[in-house]
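[1] Here is my input; please provide its structure:
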Amino acid sequence: FFFSSSGSGSTSSPSPRSMMIVGRLMLSPAMRQTPATLRLRTTALAKTQSAIAPKNKPPTRRFGDKATDATKDAPPAGAAVKEGASSSAEKTTATAASDASKSSSWWDSAEFWGRCGALAGWGMSGAAIYDALESSPELISLNMTGVLIVYSSLFARWAFVVKPQNLLLAGCHVTNVAAQANQLRRAVEYKKENGKDDEVNDILMKAGATAAAGAACVVAGPTVQSALVGANLGVLSTVAAADAGPFTVHFWAPMSKWMISGASFLDLNRPTEKISLAQYSALTLTGFFFSRYALLVTPINYTLCSVNVALFGSSAWHLGRKVKADFMS
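    Residues are numbered from 1 along each chain as shown. Coordinates of the predicted model:
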């Protein structure tokens, strides 16, 4: 209304009188006091909010503000997670070290019992070498010698694949195979010289049949095992897939040792003059050490444990008879 309008509807420039009225209104005391009033009210409101806000609350950052020292010193977001992960790893390491220290005693050490068993096995190999050098071939038992060849062949393989690996034991069984083969040669030559060709032929036929059966099992074993496992026959498939099942050397090595124990049990009344003191001493120690060793290896081999208990008993029986006959009678 400060401007006057012409009849044509166009807006004309303001008059001097209207401009004077606007200037007086803008410069009036009421208008000059309004900004100060607003400023006072805003300051009072800020003081009230600061009194209500918690003391430890971090200051609010606005866009463009520089980071404060507290923000700079704060750890990164992933630091707590990394610290927690490292502490967890340290606890796991400490627990593993504690378990290792608990199982580091000689009684729970697979390495200790494995070395003892290997040394006893070396004693058996040494006994065969000693008998080859000193004993008469008439004292050699063809049945026991053949069983020992099969036994050491299987255990050489078993010692190589078992966990922990026992190369000392594998080496002693390889040596024993060679020593027992030499003993077999001496026994066969002695029997041929004394006209026992029929007995020699019988032994050789048995050895050939055993070798052929073993080769067939090695060749056809994986195929038969896959067929049994894939057939889902319940317990039969579970046994076929077992780590120490009948399709692994973990099963057949102990079974060969059962043949040794069986030969000893079937020959409990063997004349003492035909008992090798060195050989049966080694067999007795082998049975003792492996009874414990079989429970500490991976996979655990209960068949091996049981056969060594039997081997220890039968060999100790023959050893006791030999010691009594030679040193106490």
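[2] Please work out the average pLDDT along the helix or strand hosting Gly171.
    Using DSSP states H and E, Gly171 sits within helix 167-193. Helix 167-193 carries an average pLDDT of 89.
[3] okay, the angle between the helix or strand that comes right after it and helix 167-193?
    As assigned by DSSP H and E, the chain's next helix or strand after helix 167-193 is helix 197-230. With axes from the mean of the first three to the mean of the last three Cα atoms, to 10 degrees applied, the angle from helix 197-230 to helix 167-193 works out at 140 degrees.
[4] buried ones in stretch 175-183?
    175-177, 179-181, 183 (16 or more other Cβ atoms under 10 Å). (Each C-beta comes from the backbone N, C-alpha and C, glycine too.)
[5] Return the closest of the residues you listed with respect to Leu148.
    If you rank the buried residues of stretch 175-183 by distance to Leu148 using Cβ to Cβ, Gln180 comes first, at 4.7 Å.
[6] got a list of what the closest one touches?
    Contacts here follow Cβ atoms under 8 Å, 6 or more residues apart in numbering; on that basis Gln180 touches 128, 145, 148-149, 152.
[7] circling back to that earlier point, can you pick out the most distant pair from the buried residues of stretch 175-183?
    Within the buried residues of stretch 175-183, Thr175 and Gln183 form the most distant pair, 12.7 Å apart (Cβ to Cβ).
[8] Let me know the secondary structure of Arg270.
    coil (DSSP: H, G, I helix; E, B strand; the rest coil).
[9] try Leu295
    Leu295 - assigned by three-state DSSP - is coil.
[10] Do a quick rundown of the helices in the chain.
    16-26, 29-52, 69-73, 79-102, 110-134, 142-161, 167-193, 197-230, 235-241, 249-266, 277-293, 302-323 (DSSP state H).
[11] Switch those helices over to TSV; also include distance to Ser329.
    Shown next, in TSV, are the helices of the chain (distance: least, Cβ to Cβ, whole Å):
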stretch	distance to Ser329
helix 16-26	142
helix 29-52	109
helix 69-73	92
helix 79-102	49
helix 110-134	22
helix 142-161	24
helix 167-193	28
helix 197-230	31
helix 235-241	49
helix 249-266	22
helix 277-293	14
helix 302-323	10
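[12] Just give me the lowest mean pLDDT stretch among the ones you listed.
    Averaging pLDDT over each of those puts helix 69-73 lowest, since it has a mean of 46.
[13] that older thread, give me the angle between the helix holding Gly171 and helix 110-134.
    Using the same axes, to 10 degrees, helix 167-193 lies at 20 degrees relative to helix 110-134.
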